[in-house]
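J.: Got a predicted structure here, sequence first:
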There are 4 protein chains.
Amino acid sequence: MHEVRIGVIGTGVMGTDHARKLAGSIPGARLTALQDFDAARAANLARDLDVLALPQAEDLIAHPEVDAVLVCSPDGSHAALGLQAIAAGKPVMIEKPLAAERAEAEAILRAEMAAGRRLVQVGYMRRFDPGYTEMKQTLTSGRIGAALFLHCRHRNAVSPDYLTSDLIIASTAGHEFDAARFLLGEEIAAATVISPRASRHAPERQPQFIVLESVSGTVVDIEAFTDARYGYDVQAELVGEDGTVALRPGPPTSIRIQAQDGTIVPQDWRARFADAYRIQFERWISSILTGAPNEGATAWDGYRAMLVIDAALAAWRAGARVAVEQPERPDFYR
Amino acid sequence: MHEVRIGVIGTGVMGTDHARKLAGSIPGARLTALQDFDAARAANLARDLDVLALPQAEDLIAHPEVDAVLVCSPDGSHAALGLQAIAAGKPVMIEKPLAAERAEAEAILRAEMAAGRRLVQVGYMRRFDPGYTEMKQTLTSGRIGAALFLHCRHRNAVSPDYLTSDLIIASTAGHEFDAARFLLGEEIAAATVISPRASRHAPERQPQFIVLESVSGTVVDIEAFTDARYGYDVQAELVGEDGTVALRPGPPTSIRIQAQDGTIVPQDWRARFADAYRIQFERWISSILTGAPNEGATAWDGYRAMLVIDAALAAWRAGARVAVEQPERPDFYR
Amino acid sequence: MHEVRIGVIGTGVMGTDHARKLAGSIPGARLTALQDFDAARAANLARDLDVLALPQAEDLIAHPEVDAVLVCSPDGSHAALGLQAIAAGKPVMIEKPLAAERAEAEAILRAEMAAGRRLVQVGYMRRFDPGYTEMKQTLTSGRIGAALFLHCRHRNAVSPDYLTSDLIIASTAGHEFDAARFLLGEEIAAATVISPRASRHAPERQPQFIVLESVSGTVVDIEAFTDARYGYDVQAELVGEDGTVALRPGPPTSIRIQAQDGTIVPQDWRARFADAYRIQFERWISSILTGAPNEGATAWDGYRAMLVIDAALAAWRAGARVAVEQPERPDFYR
Amino acid sequence: MHEVRIGVIGTGVMGTDHARKLAGSIPGARLTALQDFDAARAANLARDLDVLALPQAEDLIAHPEVDAVLVCSPDGSHAALGLQAIAAGKPVMIEKPLAAERAEAEAILRAEMAAGRRLVQVGYMRRFDPGYTEMKQTLTSGRIGAALFLHCRHRNAVSPDYLTSDLIIASTAGHEFDAARFLLGEEIAAATVISPRASRHAPERQPQFIVLESVSGTVVDIEAFTDARYGYDVQAELVGEDGTVALRPGPPTSIRIQAQDGTIVPQDWRARFADAYRIQFERWISSILTGAPNEGATAWDGYRAMLVIDAALAAWRAGARVAVEQPERPDFYR
């Protein structure tokens, strides 16, 4: 195989963005089919990109011109589509989260193990961001010693009305939970949540401050603030025994104007993580073509992120520290 | 009065540094007397600076050529010396903490109120640091909206053996507690402490991660890491509803050498807070000469910092959130 | 055509790097053939990449499985190979410079005009660097007003022995001359050169300081320092009537270690301009497939850079300001 | 003497600012007298600061309650006042320039040498700026090797109408000429001037680009741009054989607001050089009290800066490189 033919399920903002990338700029990828519950939306994009529009997700997964599937549909559909792709023996990348419910995630793990090969990747794209990658390399190189603290900031400029205080933990902070596991290379043992007051710009929801403890004793704190107004800003600093390494988000120019000297802050994730999404797709296609694994999040990683979310939600509701469940990792996922 | 004649009690590292500053570089100040429990140490410095060496702290406080007293002696002596200065009607600056025990601090409050005028200042010098001052101005200007988060980092390069995990809370983090009250302009309501594992460079003590909640609902997190090796580094970021403001510690040059582009990190507090100490003394002398108050920490501020320390220690021992006691502020301290 | 089959002439350090990129990571590109004057070197790489090794450059240019040619051979061969590619009607990208001699460059212009379509692109990859692109966008957006100054720094960590003071102008600074024309969108009118003393690390050659004046009156100064030791460092600042915009080279992380806080400086051009080279190839392939022009340097741009080099060399030899020749731009290159 | 009684001549913007500083915040200084050609202006300030207002500059210089004189009056009066202070045997600090005409400056040198002790300091305050001081220390420490380039930027936000293209060289750039001599520790040998076009905000004058060559072969380039709009910005980068050191102007906080992350740029010299002026006065007073010399600019330094100005003006008019006259330094000024 010299080329991977991709079908995309879900053509909302993110699915459309991804489909356009896969249609032209990822070596070895060829977009062949689209599907969306809004058939007209899918058809319009398909016409634009000169690919098939298929009526049902099942049709797309089964289609002979689809070698691999990208799932960008609503969270509630992730698990069922993942299971169908596994049944069809086709690689599937599922936008986070892996599943909406824990039992669904466990079903995916069982199905993938039964299939005998890893077909599922979860779209935690930060694992491919040049900044996160370099942070992890700096830590594993030993230059800064063992990790003691990891400080994380996740700020959106503005957020939709449906985002509630618990969704800030369950959805917004999910990227941070996976990033912490990825950077530290170990599991999260416990969560504590402390909520500041709401911003006047979003009085109906509270920002969240989540403190995780890793199994070996690293403390991870996460500011999750979805109404930061000034921009979309993801920061992280890893503090080790001998030094620190921090993200340095990337505008390639600085500007001095109107009494300020600095850099432009992007307004959403597209500019901030453009490289991460591109590299995630390149590595996914490459690993499908060569059979070699990549650094992407596995179904197991997706499942573990869900367990951290569960503990953080429980800690928030209880106002107390809650331990994260620690199921044993199957050999299949080692 | 055109000049304030100062006596310094305690001529250890900090007392010596302060005495030298007061002997020459603070307008309106004249150093006249020194005292230390190690009489020879005081005598040597006194000879060098051409001032009196007095045998007992009582002698210094009572001496007719001493208008105001600076207390740099061990913590256990602070309260007694403060009470003597109040009794003598002389302004006294006490290096932090105000007192070793809570009952002592309360005795100082009662004595000062009985004296009918504010004589005590606690040496929380960050209140005069240009960075902290500018942060507070930015917040009170309204430019970044109301405060939601305050992220604090306190890192020492190395620390003495006697420093224990509880002293990191009780002593090291004390500056952060006062700085949080100063920046936010309100009291601290509760404390939670989570400890990461110890660094291999100081296996006998754990760094600390302390999360405070202000009365109005701002979350303050403090990394207190006393063995950070690479340097002395105090950072803070205040996150408001409309923007953020952060300390930008101040080397006035940057350097590119040996494959790195950046700034030199100082190795101790002297370079980092030289301006803060200088300005603190200038304002103290000026307020003695003019009778006008300054931004310095009062005895009440010193007392409130001690209550936060008590709560944080209790939270650490209990592994749970502990409320900070909230005594009513006497009118005298409004 | 859905794919462009590429042949690479010259498999030295840069040619090898480019060949590996074209063999796998550029959408729409397929590497098919290599040639080098050292036949064994080409054969080894060809075996590794599973492509043809051809004995002569002529063979490669004429080969039916080569749709487009990349020239990475020594400067003296550029013009002849460019002319052959034009004669064959095949797109050719020539690593800078366009030609070794002015008459050769003019022959290319004539040949390309006679062919009636633009086939030549010169590998001034900075035109695709995200930093330079953003600088140009900032200028053309009008946000900083009209350009008055452009400050450029070109520093190599170390350089080969054959690099002489005049080659620093003729070869090293060539990238800067094209970048100035690209950023300002206009021609260079005059050059002045002032040479500082040599570094003790390279006593046989002098760094150069070159001051250009654009036709409309922007002053461009270029520090060309090929023995800067600490790293490979390309900087630029554009000063306009209302503000400035500067390159902010891109390590995605910062590090605090051993008393320094900053970023790692790369040691050569590969890390610094990896994105620029990748994007240059992507746009080249895309423009071959679609027929649409791109921002790359044309033969005319390559010729104009040579005229600036000639003036700068003359200015250096004369110790005086020398005007740059201003031939009229043929309509073909508008 | 425990105190230096100061008289200030000239109470315009700068003289007023200086008088207020000397009236309260400089240890060992006491402001006693003011004089201005506008007697009412001087009288008002004198009343406010509770000092004498004297009718004539001669009266002030001769007054028994004036130990030292600060000259802030118009440039044309500098030399005459300097000579009178020397005749009175009183230390005098003259705001730059030392004199309006070269012959006047030479008269001051002769008078000071005849007096047999150094009485004159020129107010090139950057010699006391923490950034310039640290740059010089970095160079003299040997850490970056010998200097090869010095890049200087001088930008004002806005400028008065009377400022002409030649005054940008003669007055604005004067600080840069002294700073270059101070940092490099050697004389300037030649000057070349290249002028970009004027900004639309000040079409009647051109910014200037001045290239100096030091005696040992360091190239110094100076952007002098007096209408930069966005703020007052003084930058410098010293490039050595092994590394570089640059000014990092000092806001002690950074801010993220309205899609920008950076620091506030001051609008004039007061905030930018507040420390430099304060330290300059402290060292001046201290050297008067102790008799020890300081790093301040001597009359000789003031004279040499004038010779560089003369050469730069000549170079600008001639459009060619002009050598700086190199009079021999008298032993008195070694």
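T.: Ah, there it is.
J.: Every contact and neighbour count from this point should use C-alpha atoms.
T.: Fine.
J.: Residue numbers of the stretch 101-250 of chain A in contact with chain B?
T.: Counting by C-alpha under 8 Å from any C-alpha of the partner chain, the stretch 101-250 of chain A comes close to chain B at A:146, A:148-149, A:194-201, A:209, A:213, A:216-219, A:227-230, A:240-243.
J.: Among these, which ones lie close to chain C?
T.: A:Asp242, A:Gly243.
J.: hang on, isn't A:Gly231 packed against A:Phe225?
T.: No: A:Gly231 is beyond contact range of A:Phe225, at 11.0 Å (criterion: C-alpha atoms under 8 Å).
J.: Could you check which of these two has the larger neighbour count?
T.: Between A:Gly231 and A:Phe225, counted using other C-alpha atoms under 10 Å in any protein chain shown, A:Phe225 has the larger neighbour count: 31 against 26.
J.: How about the contacts made by the more buried one?
T.: A:Arg153, A:His154, A:Arg155, A:Asn156, A:Pro207, A:Gln208 (C-alpha atoms under 8 Å, 6 or more residues apart in numbering or on different chains).
J.: Show me the beta-bridge partners of the third one.
T.: A:Arg155 has the following beta-bridge partners by DSSP bridges: A:Phe225, A:Asp233.
J.: quick one: contacts for it?
T.: A:Glu223, A:Ala224, A:Phe225, A:Thr226, A:Asp227, A:Ala228, A:Gly231, A:Tyr232, A:Asp233, A:Val234.
J.: residues contacting the fourth one?
T.: By C-alpha under 8 Å, 6+ apart, the residues touching A:Thr226 are A:His154, A:Arg155, A:Asn156, A:Ala157, A:Val158, A:Ser159, A:Ile168, A:Pro207.
J.: biggest separation within those residues, which pair?
T.: A:Ala157 and A:Ile168 (13.9 Å; C-alpha to C-alpha).
J.: phi, psi of the spatially most central residue of chain A?
T.: Closest residue to the average C-alpha location of chain A: A:Tyr124 at 2.5 Å, with C-alpha atoms, centre = their mean. With angles defined as degrees, to the nearest 10, A:Tyr124 sits at phi -80, psi 90.
J.: any idea how far it lies from A:Leu34?
T.: From A:Tyr124 across to A:Leu34, the span is 22 Å (C-alpha to C-alpha, to the nearest Å).
J.: Averaged pLDDT, the top helix by length along chain A. What do you get?
T.: Longest helix in chain A by number of residues (criterion: DSSP state H): helix A:299-318. Mean pLDDT, computed over helix A:299-318, is 98.
J.: can you check stretch A:284-293 too?
T.: Stretch A:284-293 comes out at a mean pLDDT of 93.
J.: can you check stretch A:58-78 too?
T.: Taken as a whole, stretch A:58-78 has a mean pLDDT of 97.
J.: ok, and what's touching that stretch?
T.: For stretch A:58-78, the external contacting residues (C-alpha under 8 Å, 6+ apart) are A:4-12, A:14-15, A:32-36, A:54, A:81-82, A:84-85, A:88, A:90-100.
J.: if I look at the residue of the stretch 201-334 of chain A found nearest chain D, how far off is B:Leu109?
T.: Nearest to chain D, among the residues of the stretch 201-334 of chain A, is A:Gly262, at 3.8 Å (C-alpha to the nearest C-alpha). From A:Gly262 across to B:Leu109, the span is 47 Å (C-alpha to C-alpha).
J.: about what we covered before: what do A:Gly231 and A:Phe225 both touch?
T.: Between them, A:Gly231 and A:Phe225 share the contacting residues A:Arg155, A:Asn156, judged by C-alpha under 8 Å, 6+ apart.
J.: Around A:Arg127, how many other residues sit close by?
T.: Close neighbours of A:Arg127, defined as other C-alpha under 10 Å, add up to 23.
J.: Could you do A:Gln206 as well?
T.: A:Gln206: 22 surrounding residues under other C-alpha under 10 Å.
J.: Break chain A down into its domains, please.
T.: Following automatic domain parsing, chain A resolves into domains at A:4-122, A:127-268+A:307-323.
J.: Could you export those as TSV, including distance to D:Glu176?
T.: Formatted as TSV, the domains of chain A follow (distance: least, C-alpha to C-alpha, whole Å):
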stretch	distance to D:Glu176
domain A:4-122	51
domain A:127-268+A:307-323	22
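J.: For A:Ala87, grab phi and psi.
T.: Per degrees, to the nearest 10, the backbone of A:Ala87 is at phi -60, psi -30.
J.: neighbours around it, how many?
T.: Residues within reach of A:Ala87, counting by other C-alpha under 10 Å, total 15.
J.: Quick check: it vs B:Leu212, distance?
T.: A:Ala87 is 51 Å from B:Leu212, by C-alpha to C-alpha.
J.: how far does stretch A:281-297 sit from the chain's center?
T.: Put simply, stretch A:281-297 sits 16 Å off its chain's centre (C-alpha atoms, centre = their mean, to the nearest Å).
J.: typed the wrong thing, it's stretch A:172-183
T.: Counting by C-alpha atoms, centre = their mean, stretch A:172-183 comes out at 8 Å from the chain centroid.
J.: pull the CA atoms of it into PDB?
T.: As requested, the backbone C-alpha atoms of stretch A:172-183 are provided in PDB (Å, rounded to 0.1, in the frame of the first residue of the first chain):
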ATOM      1  CA  THR A 172     -11.800  21.000  28.500                       C
ATOM      2  CA  ALA A 173      -9.300  19.600  31.000                       C
ATOM      3  CA  GLY A 174      -9.200  16.200  29.200                       C
ATOM      4  CA  HIS A 175      -6.400  17.300  27.000                       C
ATOM      5  CA  GLU A 176      -4.400  18.300  30.100                       C
ATOM      6  CA  PHE A 177      -5.000  14.900  31.700                       C
ATOM      7  CA  ASP A 178      -3.600  13.100  28.700                       C
ATOM      8  CA  ALA A 179      -0.800  15.600  28.300                       C
ATOM      9  CA  ALA A 180       0.300  15.000  32.000                       C
ATOM     10  CA  ARG A 181       0.300  11.300  31.500                       C
ATOM     11  CA  PHE A 182       2.300  11.700  28.200                       C
ATOM     12  CA  LEU A 183       4.800  14.100  29.600                       C
END
